[in-house]
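> I need the structure of the sequence given here:
(2 chains)
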Amino acid sequence: EMQLLESGGGLVQPGGSLRLSCVGSGFTFKNFPLNWVRQAPGKGLEWVAVINDNGGTTDYADSVKGRFTISRENSWNTVFLQMYSLRAEDTAVYYCAKGNWASGNQYGMDVWGQGTTVTVSS
Amino acid sequence: DIQMTQSPSSLSASVGDTVTITCRASQSISSYLNWYQQRPGKAPRFLIHTASSMHTGVPSRFRGSGYGTEFTLTISSLQPEDFATYFCQQTRFSPTFGGGTKVDFK
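The predicted model follows:
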């Protein structure tokens, strides 16, 4: 069974930093793009970032560009989201999601983790 | 960014009903439109990709259609487990989601 498991969420003060991790299993991790998608309390889904299979290409939502960095370590089956300069509006459940196709996100995101909660508050 | 607009934002239905959710893109996205289901407190579940292709294991009562800027998700013979929130997503460009449609009990 394909699975993703996030960790690293917590309470952080505005302006602070946090690093999220997501470990994949049940599929050939190095062959697929990985995404972070977030959901603020009571709100819809917002795509945050994507990294391609070998880590050479990344893309970010405008709302996090310059503050968040996505990376991956395929030997550990892990993708990371390093978050800096956190704001109250970054408060959300953060999901890791696997691209459904090796070449990118064109065919959707077929496997999702259970999410990890980030709260930015003083 | 491509804006995705879903309608209605919520609807009430009964078990056995057929419901239709519409998703419109601010510009053409070809067929790069996906649908997800989310139950309260759970992660999204992948239903349909490229407008009309059902993901593995998704019941045949879910059907997607459309091209360009207008897409629909139809759920026939609504079952109790189908009461949830549904999101569309375009992946022609950097991904963006619709605002969601909550399907609840009438």
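> what about residue 2, how many residues close to it?
Went with chain A since none was named. 12 (other CB atoms under 10 Å in any protein chain shown). C-beta: built from backbone N, CA, C; applies to glycine.
> ah, I was thinking of chain B
Residue B:2 is surrounded by 17 other residues when neighbours are defined as other CB under 10 Å.
> Check residue B:104 too.
By other CB under 10 Å, the residues close to residue B:104 number 11.
> who's it bridged to?
Judged by DSSP bridges, the bridge partners of residue B:104 are residue B:12.
> which residues touch the most centrally placed residue in chain A?
The C-alpha lying nearest the average C-alpha coordinate of chain A belongs to residue A:36 (CA atoms, centre = their mean; 2.5 Å). Residues touching residue A:36, when contacts are defined by CB atoms under 8 Å, 6 or more residues apart in numbering or on different chains, comprise A:20, A:22, A:47-50, A:68, A:70, A:79, A:81, A:94-97.
> Could you export those residues as JSON lines, including pLDDT?
Compiled in JSON lines, the contacts of residue A:36 are given as follows (pLDDT from 0 to 100):
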{"residue": "A:20", "pLDDT": "98"}
{"residue": "A:22", "pLDDT": "98"}
{"residue": "A:47", "pLDDT": "98"}
{"residue": "A:48", "pLDDT": "98"}
{"residue": "A:49", "pLDDT": "98"}
{"residue": "A:50", "pLDDT": "97"}
{"residue": "A:68", "pLDDT": "98"}
{"residue": "A:70", "pLDDT": "98"}
{"residue": "A:79", "pLDDT": "98"}
{"residue": "A:81", "pLDDT": "98"}
{"residue": "A:94", "pLDDT": "98"}
{"residue": "A:95", "pLDDT": "98"}
{"residue": "A:96", "pLDDT": "98"}
{"residue": "A:97", "pLDDT": "98"}
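> of the residues you listed, closest to residue B:38?
For residue B:38, the closest of these turns out to be residue A:95, at 10.2 Å, with distances computed as CB to CB.
> do you know how far the closest one is from residue A:9?
Taking CB to CB, to the nearest Å as the measure, residue A:95 falls 11 Å from residue A:9.
> and those two? which has more neighbours close in?
Neighbours around residue A:95 and residue A:9, counted as other CB under 10 Å, are more numerous at residue A:95. The numbers are 23 against 17.
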